[in-house]
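Undergrad: Quick check, what structure comes out for this input:
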Amino acid sequence: IGIEAAPHTTLTEKHQDHSIESIMEHFEYTVNLVGIDHVAFGLDTLYGDHVGLHHAFAEALSIGSSHAGPKFDEVPYVKGVENPTEAYQNVVRWLVKHGYSDGDIKKVMGENIMRVLKDTWVK
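TA: Residues are numbered from 1 along each chain as shown. Predicted coordinates for the structure are as follows:
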């Protein structure tokens with residue numbers, strides 16, 4: 001399961017300002033649900049107007065019911081993962097700060113994805 005970080009995708013009641021903390025709350029929830037061996041990051045950050053891209057996709061592809069739920073203030077980016085250059089560095093910093101082992105950090109930063117790709121594509 002890849003945890004994403006595009007603006008307005010991982011808000012929580014505890015973290016209503018979209019930041020790395022809201023993303024990592026989703027990460028920890030998922031790890032507790034399925035285990036560290038089944039979680040990774042697919043942050044989906046980009047350079048430029050990510051929110052504008054979301055608006056264009058939503059207008060062209062979404063159904064109205066997908067927009068139901070709590071209201072939130074729109075933001076132009078996610079604090080702490082503003083672009084691809086900073087995003088992954090800051091996620092690793094957060095994991096280190098919160099006591100994740102080197103082995104677990106390696107898993108969620110790429111090893112889990114590589115294992116699944118090898119298991120499913122290489123036979």
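Undergrad: pLDDT value on residue 122, please?
TA: The predicted structure scores residue 122 at 69 on the pLDDT scale.
Undergrad: Just after the lowest-mean-pLDDT helix or strand in the chain, pick out the following helix or strand.
TA: Least confident helix or strand of the chain, by mean pLDDT, DSSP states H and E, is helix 50-61 with a mean of 74. For helix 50-61, the succeeding helix or strand toward the C-terminus, using DSSP states H and E, is helix 84-97.
Undergrad: roughly how far is that following helix from the heart of the chain?
TA: Put simply, helix 84-97 sits 12 Å off its chain's centre (C-alpha atoms, centre = their mean, to the nearest Å).
Undergrad: got the CA coordinates for it in PDB?
TA: The C-alpha trace of helix 84-97 is given here as PDB (Å, rounded to 0.1, in the frame of the first residue of the first chain):
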ATOM      1  CA  PRO A  84       9.800  15.500  -4.900                       C
ATOM      2  CA  THR A  85      13.200  16.700  -3.900                       C
ATOM      3  CA  GLU A  86      12.200  17.500  -0.300                       C
ATOM      4  CA  ALA A  87       9.400  15.000   0.200                       C
ATOM      5  CA  TYR A  88      11.300  11.700   0.600                       C
ATOM      6  CA  GLN A  89      14.100  13.300   2.600                       C
ATOM      7  CA  ASN A  90      11.600  14.700   5.000                       C
ATOM      8  CA  VAL A  91       9.800  11.400   5.300                       C
ATOM      9  CA  VAL A  92      13.000   9.600   6.200                       C
ATOM     10  CA  ARG A  93      13.800  12.400   8.700                       C
ATOM     11  CA  TRP A  94      10.300  11.900  10.300                       C
ATOM     12  CA  LEU A  95      10.800   8.100  10.500                       C
ATOM     13  CA  VAL A  96      14.200   8.400  12.100                       C
ATOM     14  CA  LYS A  97      12.900  11.000  14.600                       C
END
